[in-house]
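I'd like to go over a predicted model; first the sequence, then the structure.
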Amino acid sequence: MNLSEVLNSINYNKDDVFDGLPAVTNKEYVPFIVNKAFSYFPDTLLQANNMNMRPGLDPRMQYHYLKSSIRKKKRFSKWNRKTDSPAIEAIKKHYNYSNSKAEEIIDLLTEDQIESIIKLHTHDV
């Protein structure tokens with residue numbers, strides 16, 4: 001069972017991907033990822049949020065809830081990926097910080113400080 005099979009069965013063909021499987025683990029069905037996929041669409045956002053609020057539910061139960069409550073429709077969306085700005089990348093290199101730490105301190109730096117840090121680290125790229 002892969003993610004595209006699960007999403008297609010919930011979205012469109014309504015075939016039960018769990019049919020015949022004795023037990024399903026979170027390695028085979030990852031509720032967070034499935035819920036994230038449905039969070040991109042206005043007509044499935046509430047169902048995804050419902051399942052996010054109930055992480056302790058059995059994966060099979062979560063799957064069947066989504067399959068039965070989401071209308072049949074072809075849905076496709078590219079996943080948003082976070083891109084870091086050149087300033088964040090330069091701050092990470094300059095101070096040897098993680099993404100989150102660099103994002104925390106960027107507001108504490110002046111524009112001149114950020115520009116000088118970027119200039120110092122543009123030759124490293």
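Good, I have the coordinates. Residues are numbered from 1 along each chain as shown.

any idea how far the spatially most central residue of the chain is from residue 114?
Centroid-nearest residue in the chain: residue 36, 5.3 Å away (criterion: Cα atoms, centre = their mean). Per Cβ to Cβ, to the nearest Å, residue 36 is found 32 Å from residue 114. No exception for glycine: its C-beta is placed from N, CA and C like everyone else's.

thinking again about what came up before, specify the local secondary structure of the residue nearest to the centre of the chain.
helix (DSSP: H, G, I helix; E, B strand; the rest coil).

same thing with residue 43?
coil.

Identify the residue nearest it in space, chain neighbours excluded?
Leaving out its chain neighbours, the residue that sits closest to residue 43 by Cβ to Cβ, 6 or more residues apart in numbering is residue 71, at 6.9 Å.

can you check residue 31 too?
residue 62 (5.0 Å).

where does the residue of the chain most remote from its centre land on pLDDT?
Farthest-out residue of the chain from its mean C-alpha position, per Cα atoms, centre = their mean: residue 112, at 34.5 Å. Here, the pLDDT recorded for residue 112 equals 92.

In what element of secondary structure is the residue nearest to residue 43 found?
Per DSSP states H and E: residue 71 is located in neither a helix nor a strand.

that older thread, next SSE after the helix or strand that contains the residue nearest to residue 31?
Secondary-structure assignment from DSSP H and E places residue 62 in helix 59-69. Going down the chain from helix 59-69, the next helix or strand is helix 86-95, by DSSP H and E.
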